[in-house]
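> Show me how the following folds:
(2 chains)
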Number of protein chains: 2
Amino acid sequence: MSMVYAQRMNRVPRSFIREILKVTENPEVISFAGGLPNPRYFPVQEIAQAASEVLSRPDDCGLQYGPTEGYLPLRQYIAQRYRDRMGLAVAADEILITNGSQQGLDLVGKVFIDRAEVVAVEQPAYLGALQAFSVYEPQFYTVPLLDDGVDMDHLEHLLGTRRVRLFHTVINFQNPSGITYSPPTRRRLAEALGRTETVLVEDDPYGPLRFAGEPAPSMRTWLEGQAVLLGSFSKIVAPGLRLGWVCAPRPIMDKLVIAKQASDLHSNFLCQRILYQYLMNHDLDEHIATITAAYQRQRDAMVQAIESHFPPEVTFTRPQGGMFLWATLPASLSALDLFERAAAQKVAFVPGTPFFLDNGGLHHLRLNFSNAPEDRIEEGIRRLGAIMKQMLVQKA
Amino acid sequence: MSMVYAQRMNRVPRSFIREILKVTENPEVISFAGGLPNPRYFPVQEIAQAASEVLSRPDDCGLQYGPTEGYLPLRQYIAQRYRDRMGLAVAADEILITNGSQQGLDLVGKVFIDRAEVVAVEQPAYLGALQAFSVYEPQFYTVPLLDDGVDMDHLEHLLGTRRVRLFHTVINFQNPSGITYSPPTRRRLAEALGRTETVLVEDDPYGPLRFAGEPAPSMRTWLEGQAVLLGSFSKIVAPGLRLGWVCAPRPIMDKLVIAKQASDLHSNFLCQRILYQYLMNHDLDEHIATITAAYQRQRDAMVQAIESHFPPEVTFTRPQGGMFLWATLPASLSALDLFERAAAQKVAFVPGTPFFLDNGGLHHLRLNFSNAPEDRIEEGIRRLGAIMKQMLVQKA
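Model (predicted):
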């Protein structure tokens, strides 16, 4: 029996990264491949305490069905953080709780993407967005990233020549490149999009994890009516709670709620209650400061190791936050070759190719620094550098 | 700023039921409208204990990212239950953990439905399936339900004249009708579908809640390669855990996993761990027996009250399990009129119309018996019967 599948299924890329992760299950492998937060900083006891409190109230413990939009006090908490920390006038009814921000991407795809409509993404792109949007069969256009954000000349040309349904950006400490949009690029982006009907998807799971530089304004500052913001508790509390959110203006939110209802009725209500109790018991910003300080040490360890061990021909980004750094090999070296040789020496990373839609990315590496201790980072980078030097000698 | 939304968003019905539920938040209202399990039987303390055990293992407590397919021991447990209780040769890699069975419907839609392809559903239909599938813009065909399952003459004619991509059925104690497919109807359905490429979606959240009659075989007994089974812990443990599953043969499962990854990476890992610990600590079948005995008492209370208070012209189903009963008014009475008059007297139910795609269902009521105590059931049915009698007199 051969089934007939929907055509969209031919278009959805399986996550290469999750395939690599299966390889890196061997604990001897030093892995810079995943995008995992450091589990040392999961507030395990605090979550246990919160769970115990929630489940000690049998008449109101989150075990019944919940509202599609999410637990109202949690939505109020998120809206309050937007007001307090980013100066954005966000109301609780502009917040929808989702299963991580990945589901936010799926809902945005459901609500906005018709088959063959134009969706613009960064190059390199966030793989989860490519996967989520592919299901809705858009025509993708890629816009290169420069050091201070998307190439605005390129994007303005695209906006001037095509009707673009949405533009997706990871605006702070981008996955995979580590790049952050500068304030002037943000303002120019707002001006360009403000002249169109293009929806801006500001995907910001890493924004709170800033350890250097100054925070820059959210795009909602200028584009209140057409900006959809995605956030997540995965990187600042724990991914296993599987809770993120979408922040969108009311007309868009109405559509997102319908899409959410059709997708899974509502997000896990028990975990929403546990998370909210945790947030009431503890100061989230103190916890974020602890994580951020650790990631800064890990990034510093990686940058110093790269400066010591990589050949000088290799360039790399120095992210001001987040979890990833992006290295670029000289054109004579292939990241796929490097990947195979590194795997043999028990070091893993993600080659650039899955982040490119045009078969590019052959000379790039995504290096995660959040999930390995500093001594292992030093050792893994040393091994990678030695292989690169060998490869350069062989090519010469 | 007016946004351009995807065309599919014009097709997705907002759940009328969830709108009614907002009305019934008034605790004075006797509500037969929802589809809520009785919270008296949520194993609150047992879940609290399981949560405490899981979160006392800081190195393995479900707070990190988890596998897309779900927690392997939980998948093994579900496969084992299919083998032990239904005699089905199901392997753990044929199980995918989802956010309730609603997400199973969304994933099935993603994987199988191309725009304008034919999807067959029961009439009356399960509203959640209509919502989930609508997103993928099929052409719906409805097939009437008879007392012992779908009208096979009708379905066979449809299968003979159209290429049907999938057929969705709630095979036991259907929502909304309470109807269960008889063994002969199941066999005839299997023979008819076995001659086609049509995928059978056997949606079975209520199957374990049987309080009368004999269990009948799953359709997978005959249609192993083309049956997709959906199950849920919402009705047998608690909905707030938001955990269900899809059981599908491997070629279909490969596609479902890709769709799941694109949708939200994986289901809530902490709750998967808590649920599994609960299932290890306790005998699920004992717990189900407790729920089932209670629902039998509640159904009996409703049936007896209907026999005492409804006019004899009203017919109704006597379900052998599940949570719903379906009543049919004489053709002169409108369920929508009844709904408005009942609301004024603080009784709620769901009129039949949202379960019909052809503007039918005007003379039907879905009555939930699982979420009201027996004395409130008696009182609510008494009020409904009195209104019906008044309406009949006014029409006469």
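> Low-confidence stretches in chain A?
Counting by pLDDT under 70, the ranges of chain A that qualify are A:1-2, A:14-19, A:22-23.
> Downstream of the longest helix belonging to it, the next helix or strand is which one?
Taking DSSP state H as the criterion, chain A has its longest helix at helix A:284-309. Moving toward the C-terminus from helix A:284-309, the next helix or strand (DSSP states H and E) is strand A:315-316.
> Quick check: can you name the pairing partners of the following helix or strand past that next one and their directions?
Per DSSP H and E, the first helix or strand lying C-terminal to strand A:315-316 is strand A:324-328. Strand A:324-328 sits in its sheet next to strand A:315-316 (antiparallel), strand A:364-368 (antiparallel), going by DSSP bridges.
> So residue A:58 versus residue A:206, what's the distance?
Look at residue A:58 and residue A:206: by C-beta to C-beta, to the nearest Å, they are 38 Å apart. In short, each C-beta sits where N, CA and C put it, glycine included.
> just to revisit the earlier point, return the set of buried residues in the longest helix of chain A.
Within helix A:284-309, the residues that count as buried by 16 or more other C-beta atoms under 10 Å in any protein chain shown are A:284, A:287-288, A:291-292, A:294-296, A:298-299, A:301-303, A:305-306, A:309.
> Now do it against strand A:324-328, angle only.
Angular relation of helix A:284-309 and strand A:324-328 on a 0 to 180 degree scale: 20 degrees, by axes from the mean of the first three to the mean of the last three C-alpha atoms, to 10 degrees.
> any chance you could map the strands in chain A?
Shown for chain A, the strands assigned by DSSP state E span residues A:30-31, A:95-98, A:118-123, A:139-146, A:149-150, A:164-170, A:199-203, A:227-232, A:244-247, A:315-316, A:324-328, A:347-348, A:350-351, A:364-368.
> helices and strands around the first one, which ones?
In this case it means strand A:30-31. In terms of contacts (3 or more C-beta pairs under 8 Å, 6 or more residues apart in numbering or on different chains; DSSP states H and E), strand A:30-31 is packed against strand A:347-348, helix A:374-395.
> Measure how buried residue A:364 is and give me the count.
By the measure other C-beta atoms under 10 Å in any protein chain shown, the count of residues near residue A:364 is 22.
> which residues touch it?
Contact partners of residue A:364, counting by C-beta atoms under 8 Å, 6 or more residues apart in numbering or on different chains, are A:124, A:176, A:326-329, A:335, A:351-352, A:355.
> Phi first, then psi, for the residue nearest to it when sequence neighbours are not counted.
Residue nearest to residue A:364 in three dimensions, not counting chain neighbours: residue A:352, with 2.8 Å by C-beta to C-beta, 6 or more residues apart in numbering or on different chains. Torsion angles at residue A:352 (phi, psi; degrees, to the nearest 10) stand at phi -70, psi -20.
> didn't residue A:267 look like it was pressed against residue B:242?
Yes. Residue A:267 sits in contact with residue B:242 when judged by C-beta atoms under 8 Å, with a separation of 6.8 Å.
> Now for these two: what residues contact both?
Between them, residue A:267 and residue B:242 share the contacting residues residue B:99, judged by C-beta under 8 Å, 6+ apart.
> What are the boundaries of the helices in the stretch 151-300 of chain A?
A:152-161, A:183-194, A:250-264, A:269-281, A:284-309 (DSSP state H, counting those that start in this stretch).
> Is any residue of the third one near chain B?
Yes. Interface with chain B: helix A:250-264 contributes A:251-252, A:255, A:258-259, A:261-264 (C-beta under 8 Å from any C-beta of the partner chain).
> which pair in the residues you listed spans the largest distance?
Pairwise distances across these (C-beta to C-beta) peak at 22.6 Å, for the pair A:251 and A:264.
> When the two are compared, which one has more neighbours?
Between residue A:251 and residue A:264, counted using other C-beta under 10 Å, the more crowded position is residue A:264 (29 against 12).
> For the stretch 251-396 of chain A, what lies in contact range of chain B?
Counting by C-beta under 8 Å from any C-beta, the positions of the stretch 251-396 of chain A adjacent to chain B are A:251-252, A:255, A:258-259, A:261-271, A:273-274.
> and these, which are buried?
A:252, A:255, A:258-259, A:261-271, A:273-274.
> Now residue A:147. Nearest residue, chain neighbours left out?
Leaving aside its chain neighbours, residue A:147 sits nearest to residue A:179 (6.6 Å; criterion: C-beta to C-beta, 6+ apart).
> What does that neighbour show for phi and psi?
In terms of degrees, to the nearest 10, the main-chain angles of residue A:179 are phi -80, psi 140.
> So it is in contact with residue A:317, correct?
Yes. With contact defined as C-beta under 8 Å, residue A:179 counts as touching residue A:317 (6.2 Å).
> burial of residue A:108, as a residue count?
Here the neighbour count serves as a burial measure; for residue A:108 (other C-beta under 10 Å) it reads 29.
> In contact with residue A:339, which residues are there?
The contact partners of residue A:339, by C-beta under 8 Å, 6+ apart, come to A:348-349, A:351.
> ok, now residue A:50?
Under the criterion of C-beta under 8 Å, 6+ apart, the neighbours of residue A:50 are A:274-275, A:277-278, A:281.
> Check residue A:259 too.
With contacts defined as C-beta under 8 Å, 6+ apart, the neighbours of residue A:259 are A:107, A:110-111, B:9, B:12, B:135.
> Residue A:7 against residue A:135, yeah?
No. Counting by C-beta under 8 Å, residue A:7 does not reach residue A:135; the two are 10.8 Å apart.
> neighbour count winner among those two?
Residue environment comparison for residue A:7 versus residue A:135 gives the larger neighbour count to residue A:135, 24 against 12, counting by other C-beta under 10 Å.
> What's the separation between the more buried one and residue B:255?
Remark: distance between residue A:135 and residue B:255 (C-beta to C-beta) = 11 Å.
> ok, and for stretch A:79-89, which residues are buried?
Judged by neighbour count using 16+ other C-beta under 10 Å, the buried positions of stretch A:79-89 are A:79, A:81-82, A:86, A:88.
> swap in stretch A:60-76?
Along stretch A:60-76, the positions that meet the burial threshold by neighbour count (16+ other C-beta under 10 Å) are A:61-72, A:74-75.
> is that stretch anywhere near chain B?
Yes. Counting by C-beta under 8 Å from any C-beta, chain B has neighbours in stretch A:60-76: A:61-66, A:68.
> Equivalent analysis for stretch A:86-104, please.
Yes. Legend: contact between stretch A:86-104 and chain B by C-beta under 8 Å from any C-beta is shown at A:98-100, A:102-103.
> tell me the two of the residues you listed that are most distant?
Of all the pairs that the residues of stretch A:86-104 next to chain B form, the one spanning the most space (C-beta to C-beta) is A:98 and A:102, at 8.1 Å.
> so what sits against both of these two?
When contacts are counted by C-beta under 8 Å, 6+ apart, residue A:98 and residue A:102 are jointly contacted by A:244, B:264.
> Save the residues of helix A:250-264 next to chain B as a markdown table, and put in distance to residue B:147 too.
A markdown table is the format used below for the residues of helix A:250-264 next to chain B (distance: C-beta to C-beta, whole Å):
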| residue | distance to residue B:147 |
| --- | --- |
| A:251 | 46 |
| A:252 | 45 |
| A:255 | 40 |
| A:258 | 34 |
| A:259 | 36 |
| A:261 | 31 |
| A:262 | 30 |
| A:263 | 33 |
| A:264 | 32 |
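> for those residues, which one is nearest residue A:128?
The nearest member of the residues of helix A:250-264 next to chain B to residue A:128, counting by C-beta to C-beta, is residue A:263 at 16.0 Å.
> residues in contact with that closest one?
Going by C-beta under 8 Å, 6+ apart, residue A:263 touches A:103, A:106-107, A:110, B:102-103, B:106, B:132, B:135, B:263.
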